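K.L.:
Predicted model follows, preceded by the sequence.
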Amino acid sequence: MSSNIVHIRCPKCGTFSVNAEVCSQCGQRLNTVQQREEKRLDQERERVAKALAEKPSAIEQFLIKMTKHRWILVRLFFKLIYGIWFTVMAIAMFIAWLIGLIVA
């Protein structure tokens, strides 16, 4: 006969809880998988917030400024450069994917 009662000791305060997800004394999560997932999500949110808060580099600012230039020839030239760069990166990613597929 198996019992479905699970006794879990809180890592924070040491209180034993029975079949609980959260400690009844301190409110600490008892499921370590959920703790790790929450920690990972918090780190990811911090990383994204930090990346969004960063100011673009001088080169990126220049390229953005030139794609919004008042002269149409300048805008077209820089959009052409962006298009070529996008195409080169797409081909490079495909080759990297293909190599990874072959090697693995």
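P.N.:
In hand now; what should we look at?

K.L.:
Give me the distance between the residue sitting nearest the centre point of the chain and S3.
P.N.:
Among the residues of the chain, the one closest to the centroid is E44, at 4.9 Å (CA atoms, centre = their mean). For E44, the distance to S3 (CB to CB, to the nearest Å) stands at 38 Å. For every residue, glycine as well, the C-beta is placed using N, CA and C.

K.L.:
helices or strands up against the longest helix along the chain?
P.N.:
The longest helix of the chain (DSSP state H) is helix 72-103. Helices and strands touching helix 72-103, by 3 or more CB pairs under 8 Å, 6 or more residues apart in numbering; DSSP states H and E, are helix 58-67.

K.L.:
can you list the domain ranges for this structure.
P.N.:
1-54, 56-104 (automatic domain parsing).

K.L.:
Could you tell me the model confidence score at S2?
P.N.:
Confidence at S2, expressed as pLDDT, is 58.

K.L.:
Ignore what I typed, I meant Y82.
P.N.:
87.

K.L.:
What of W71?
P.N.:
Per-residue pLDDT puts W71 at 93.

K.L.:
Could you do T67 as well?
P.N.:
Per-residue confidence (pLDDT) for T67: 85.

K.L.:
likewise W97?
P.N.:
pLDDT, W97: 96.

K.L.:
Same question for F78.
P.N.:
Taking F78 on its own, its pLDDT is 90.

K.L.:
Can you list the low-confidence ranges for the chain?
P.N.:
1-2 (pLDDT under 70).

K.L.:
now with 80?
P.N.:
Low-confidence segments of the chain (pLDDT under 80): 1-4, 104.

K.L.:
What distance do you get for the residue nearest to the centre of the chain to Q28?
P.N.:
Taken as CB to CB, the span from E44 to Q28 is 22 Å.

K.L.:
And F62, by the same measure?
P.N.:
Separation of F62 from Q28 (CB to CB): 50 Å.
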